[in-house]
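Participant: heads up, no residue letters with this:
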């Protein structure tokens, strides 16, 4: 999930959770990567333990809920409406979705990362420039410095 006011963990530390009740801000975006438990991301189970769909919609009230299927590259982005229902958003002509709270487009990119060719979630800025991963930035700097 993305919470604008939460800073990354200190080097060497791992942050495993976030609690809006204790920390004060609802996440701007929640993301689920589909797993082998078919359909649990869509569960609207109204009793404890709540289904993920119900938890994000009714309890946390996360305004943007993303579901991504890495095996097929299918991306669904839902926006919480004023009636408190998630509505599926339509992508633009480039098959990307504008996430206003982040000022970025979210989309699927097919390519190689970590020696694996697959579908990956990627971010693009408002001018449709693909944002680089840290390793890509380093690789670009190294190749640029070798040109000198």
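Facilitator: Thanks, I have it. As the structure is a prediction and not an experimental result, all values here were calculated from the model.
Participant: pLDDT weak spots in the chain?
Facilitator: 1-2, 4-5, 16-18, 20-22, 36-41, 44-46, 140, 143-148 (pLDDT under 70).
Participant: need the residue closest to the centroid of it.
Facilitator: Centroid-nearest residue in the chain: residue 31, 4.4 Å away (criterion: Cα atoms, centre = their mean).
Participant: where along the chain do the strands fall?
Facilitator: 29-33, 64-69, 74-80, 86-88, 97-99, 104-113, 116-124 (DSSP state E).
Participant: that older thread, so the residue nearest to the centre of the chain sits right up against residue 68, yeah?
Facilitator: Yes: between residue 31 and residue 68 there is a contact under Cβ atoms under 8 Å: 6.7 Å. In short, each C-beta sits where N, CA and C put it, glycine included.
Participant: need the residues touching each of the two.
Facilitator: Jointly contacting residue 31 and residue 68 under the rule Cβ atoms under 8 Å, 6 or more residues apart in numbering are residue 121.
Participant: just to revisit the earlier point, list the beta-bridge partners for the residue nearest to the centre of the chain.
Facilitator: Taking DSSP bridges as the rule, residue 31 bridges to residue 66.
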